[in-house]
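Colleague: sharing a model that was predicted from the sequence below.
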Number of protein chains: 2
Amino acid sequence: MKTKTLSSSTELCCTPLLSSQISDDDAFELAGLLKALADPVRLKLVNLIATAGEGCACDFPSAVGKSQATTSHHLGQLVKAGILVREQRGKWAWFKVNEERLAAVRAVLA
Amino acid sequence: MKTKTLSSSTELCCTPLLSSQISDDDAFELAGLLKALADPVRLKLVNLIATAGEGCACDFPSAVGKSQATTSHHLGQLVKAGILVREQRGKWAWFKVNEERLAAVRAVLA
DNA sequence: CAATCGAATCGACAAACGTCAATACGTTGG
DNA sequence: CCAACGTATTGACGTTTGTCGATTCGATTG
């Protein structure tokens, strides 16, 4: 795989997938973003955080039935993709959903 | 990973990811569908077919820069996920996008 | 500063994935 | 029915991914 990293800050390419041609780079970038979502554990995490408004990392291992290391790994993937935002509060890590980013995915899929 | 196959015919779970809790099974099913989309080659294929209305398998290897075998493999994934529909015309295979399926993905991401 | 606690990182491993050459399958046309 | 052609499948290979135990890092608190 290419080594180019996903730019979580830049806006997603906006050409809708169904109505105009996308470039190879756009396809690669969008694939990376979709890949970040395409895992049951990560979807569960996004769902938990979204429905609660926010969530503490301390609660996730038991909530999704995975180890602390695995949970942290998935959270990292989601943050790197720009889907989650991390915030340190004291010694706890809190996360919330970047809804703009999800809206961008929806938009591209139109 | 579980071996349960993706049911391309059944409707996708409709609980929006951001507003209500999804089950483990729903997360697994949605992850499978997103995974089918989360590849640059497959996105390119969907994009090509969608913008043209339909597409012949014979044109894809050169269009995406992959071998015939690889292209066929990706088309198979997309069909299995219900994103593409295959139609045999003489000895050529034609594909079109199942837009309802993509709309379902968009809906869940809301 | 030292001890403690939450979370990220490392190292390792099995499973899944993307890729292609070679082969098998199906349809068409002679 | 046989040769030709388009497509799917098989088998193999290297890479990526998900997972966890162990360790490290950071922040808090005594």
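Modeller: That came in fine, so what should we check first?

Colleague: show me where chain A has its helices.
Modeller: A:24-37, A:40-52, A:60-64, A:68-80, A:99-108 (DSSP state H).

Colleague: so of those helices, which one's packed in deepest?
Modeller: Mean neighbour count (mean count of other Cβ atoms under 10 Å in any protein chain shown) peaks for helix A:40-52 among the helices of chain A, with a mean of 22. All C-beta spots, glycine's among them, are computed from the backbone N, C-alpha and C.

Colleague: can you give me the neighbour number for A:D59?
Modeller: 13 (other Cβ atoms under 10 Å in any protein chain shown).

Colleague: settle this for me: A:V41 is touching A:K66, isn't it.
Modeller: Yes: look at A:V41 against A:K66 with Cβ atoms under 8 Å: they come within range, at 6.0 Å.

Colleague: who touches both of those two?
Modeller: Common contacts of A:V41 and A:K66, defined by Cβ atoms under 8 Å, 6 or more residues apart in numbering or on different chains, comprise A:H74.

Colleague: on that earlier part again, just send the helices of chain A back as TSV, with distance to B:L30 too.
Modeller: Output for those, formatted as TSV (distance: least, Cβ to Cβ, whole Å):
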stretch	distance to B:L30
helix A:24-37	9
helix A:40-52	6
helix A:60-64	15
helix A:68-80	15
helix A:99-108	13
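
Colleague: in a markdown table: the ones you listed, plus mean pLDDT.
Modeller: Output for these, formatted as a markdown table (pLDDT from 0 to 100):
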| stretch | mean pLDDT |
| --- | --- |
| helix A:24-37 | 97 |
| helix A:40-52 | 98 |
| helix A:60-64 | 98 |
| helix A:68-80 | 98 |
| helix A:99-108 | 95 |
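
Colleague: wait, which of those helices is closest to DNA strand D?
Modeller: Nearest to DNA strand D among the helices of chain A is helix A:68-80; the distance by Cβ to the nearest atom of the strand comes to 3.2 Å.

Colleague: near chain B, anything from stretch A:46-54?
Modeller: Yes: contact of stretch A:46-54 with chain B (Cβ under 8 Å from any Cβ of the partner chain) involves A:V46, A:N47, A:L48, A:A50, A:T51.

Colleague: tabulate those residues in TSV, adding columns for distance to DNA strand D.
Modeller: Shown next, in TSV, are those (distance: Cβ to the nearest atom of the strand, whole Å):
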residue	distance to DNA strand D
A:V46	13
A:N47	15
A:L48	15
A:A50	19
A:T51	20
